[in-house]
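K.L.:
Attaching a predicted model along with its sequence, questions to come.
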Amino acid sequence: MAQTTSQAETPGDQDRAPSRQELDFLIDRALFVRLETVRLISIAKVGHYSSVFSCAEIFAALYYDVMRLRRGEPEWPDRDRFLMGKGHAAVGLFPILADLDFFPKDMLDSYTRLGSPLGDHPDRRLVKGVDFSSGSIGHALSAGLGMALGARMQNKDFLTYVLLGDGEMQEGQVWAAAMAASHHRTANLVAIVDRNGVQLDGSVPDVIGIEPLDEKWRAFGWEVHEVDGHDMAALVATLRRVKADRSRRQPACIIANTVKGKGVSYMEKEHGWHLGYLGPEDEALAIAELKRGLAR
Amino acid sequence: MNGPVDPASWHYRQLATRAPTLGVLAQTLNELADAGHPVAAITADLQYSNGLAAFARKHPERFIQFGISEQNMVSAAAGLATTGIMPYVATFASFLALLCCEQIRTDIAYSDLPVRLIGHHTGIAMGFYGTSHHATEDIAIMRSIADLTVVAPADGVQFATALKASVNYRQPIYFRIGRGHDPQVYDDAGEFRFGKAVTHCEGEELTVIACGSTVHPALQAVKALRAEGRSVGFVDMHTIKPLDRDAVVQAMRSKLILTVEEHNIIGGLGGAVAEVMAETGGEARLIRHGIMDEYSLIAPPTHLYAHYRLDAPGIEAVAREALASL
């Protein structure tokens, strides 16, 4: 966990199940991500709540348990890398980066204001702690592959994690990267697919079907794990196992089954929430539901 | 247009061994790697076309083959660059500049990463391979991308010095390399300075400004005219962006400026020079010579250069017409 510097450097490298105390902390951090997302979107008056809510546990598990990071040192060369194919969920990432002292916390309040470094998508040029800019769907796995290859070229042992949307699987470049990554045996590359089943124009199967996703990744030469992306214990255990396995010869893909809008009842049930604004009344309702802990 | 053709003079398969311009790519990267620079070479199924095979043999750990996945390759180069490696990415210019325009803009230039993009076989160099393989729009596309430097070396000597200079250059670069076996212009290109044109001579009547593969034939044309006593100047504008505005202003002391490029006349070197001239004022008139906003024909390149008057006799004829209009 990134609570202290010493722990932050070597978190969760061990192949063991997380303790109750660790889980409670991580669940709290996922709640923090959701609440901060609600708060920041209230500044912009529009944003991708539901895209963050589906991957809040993934954010928390990676940044507060699994990834090797140093608090306050966003450019530490040996840190694990994180890239977001689904860059529109950056509003959930920014509070974590500020919480890890990668940039001042009061910068969060500038979210989307004129000239702010913080917009809808992560921007490595403007925001310390963002390992790669994204926004255009389909580039991130390729860029992550480049980082994995760069690590190998320089005998560095950091891992590169790429969070992908399931709608993103429709983009051809993802599969070009998947093919190249297994060909080059980048075992230091981990893809996490946030399979929440919804994209802008509707449900993923209705827009362009992507299943069977596990078989596709396997066919492209990847080791595949499937997990409930909201079950923190299972998620952390899977991420720790993948990280600890040094015998793997191929890249790993974790398919996280998630719910778009997880944690807010009326968002979970409504497809239209890919992009929106709660408004003051619904916002209070959402915060109350989140605090009650639907995500637990 | 139907004269004899020597396939070895232009066929791309011959270029890796014969090409003095492209041949220096692997040779120079080998030297840079040997000297300890953190360079890597990347290509998309074209290591024999661009000669990178020679780098792959010497530094296999620094060479990455991406197969036919150019967009994946360009984004990966950006990721690679974030780790401290300096990637040199080479493939046909048509695929690099046109197919990967967005990856170059968003992943490399916007991210401000020191990736070196080498678009080779620019212009009409691919001859009968046709429109899909011709790159007559790449300068216009790359030039409009902020923070991206655009360089078109005249020959292998200049390309090698530019490559060596690139290791100390912070921003991303797009190198525009032609057929790969351009005749040698320079015995010694001296120190390469990005954004600083090479003025060969000045002229009161006409100044020819050329870049890349048109430098040699344009220089031949200028020499022929000067031998007749005409006051004709010549500028090798190897860096198209950032453009050497001072060199353009200097050239405007001539009555006429003739830009020569193996590119659509819209948005390329001629367009860049026109922008400076329009913003600067002055008396000089501009003639843009290149591909006239059309798709180039299918033919062996040697025939195409003659057809589009981009060989030495063609450029000389265009320059004579320009002088006659004074």
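P.N.:
Here it is on my side, so go on.

K.L.:
which element follows the helix or strand of chain A with the lowest mean pLDDT toward the C-terminus?
P.N.:
The helix or strand of chain A with the poorest confidence is helix A:5-9; it has a mean of 41 (mean pLDDT, DSSP states H and E). Remark: after helix A:5-9, the chain's next helix or strand is helix A:20-44, criterion DSSP states H and E.

K.L.:
starting at the chain centroid, how far to that following helix?
P.N.:
Here helix A:20-44 is found 13 Å from its chain centre; the criterion is CA atoms, centre = their mean, to the nearest Å.

K.L.:
cool, and stretch B:234-248?
P.N.:
13 Å.

K.L.:
Can you give me the end-to-end span of it?
P.N.:
End-to-end distance for stretch B:234-248, by CA to CA, to the nearest Å: 11 Å.

K.L.:
Quick check: mean pLDDT of that stretch?
P.N.:
Across stretch B:234-248, pLDDT averages out at 98.

K.L.:
cool, and stretch B:263-282?
P.N.:
What stretch B:263-282 shows for mean pLDDT is 96.

K.L.:
Not counting its own residues, what contacts it?
P.N.:
If you take CB atoms under 8 Å, 6 or more residues apart in numbering or on different chains as the criterion, stretch B:263-282 is touched by B:122-123, B:136-141, B:143-144, B:152, B:209-211, B:237, B:240-241, B:243, B:245, B:248-249, B:252, B:257, B:259-261, B:284, B:286, B:288-293. For the C-beta atoms, the positions are set from N, CA and C on the backbone; glycine is no exception.

K.L.:
filter the residues you listed to the buried ones?
P.N.:
Neighbour counting with 16 or more other CB atoms under 10 Å in any protein chain shown marks B:122-123, B:136-141, B:143, B:152, B:209-211, B:237, B:240-241, B:243, B:245, B:248, B:252, B:257, B:259-261, B:284, B:286, B:288-291 as buried within the contacts of stretch B:263-282.

K.L.:
what about the residue lying closest to residue B:30 once chain neighbours are set aside, neighbour count?
P.N.:
Of all residues not flanking residue B:30 in the chain, residue B:58 sits nearest, at 5.1 Å (CB to CB, 6 or more residues apart in numbering or on different chains). Other residues lying near residue B:58 total 15 when counted by other CB atoms under 10 Å in any protein chain shown.

K.L.:
Show the pLDDT at residue B:58.
P.N.:
98.

K.L.:
pLDDT below threshold where in chain B?
P.N.:
Applying pLDDT under 70 to chain B flags the ranges B:1-20.

K.L.:
per-residue pLDDT, residue A:1?
P.N.:
42.

K.L.:
The residue nearest to residue B:30 is in contact with residue B:32, isn't it?
P.N.:
No: the criterion here is CB atoms under 8 Å, and residue B:58 misses it with residue B:32 at 11.5 Å.

K.L.:
Sheet-wise, list the partners of the helix or strand encompassing residue A:225 with their directions.
P.N.:
Residue A:225 belongs to strand A:223-228 when assigned by DSSP H and E. As defined by DSSP bridges, the strand partners of strand A:223-228 come to strand A:252-257 (parallel).

K.L.:
pLDDT on the strand holding residue A:225, on average?
P.N.:
Rounded mean pLDDT across strand A:223-228 is 98.

K.L.:
Next: stretch A:108-125.
P.N.:
95.

K.L.:
That stretch: end-to-end distance?
P.N.:
End-to-end distance for stretch A:108-125: 16 Å, by CA to CA.

K.L.:
roughly how far out does stretch B:94-105 sit from the chain middle?
P.N.:
That offset, for stretch B:94-105, works out to 16 Å (CA atoms, centre = their mean).

K.L.:
right, is it up against chain A?
P.N.:
Yes: contact of stretch B:94-105 with chain A (CB under 8 Å from any CB of the partner chain) involves B:102, B:103.

K.L.:
first vs last residue of that stretch, how far apart are they?
P.N.:
Stretch B:94-105 has an end-to-end distance of 16 Å (CA to CA).

K.L.:
ok, residue A:249 to residue A:77 distance?
P.N.:
The gap separating residue A:249 from residue A:77 is 25 Å, by CB to CB, to the nearest Å.
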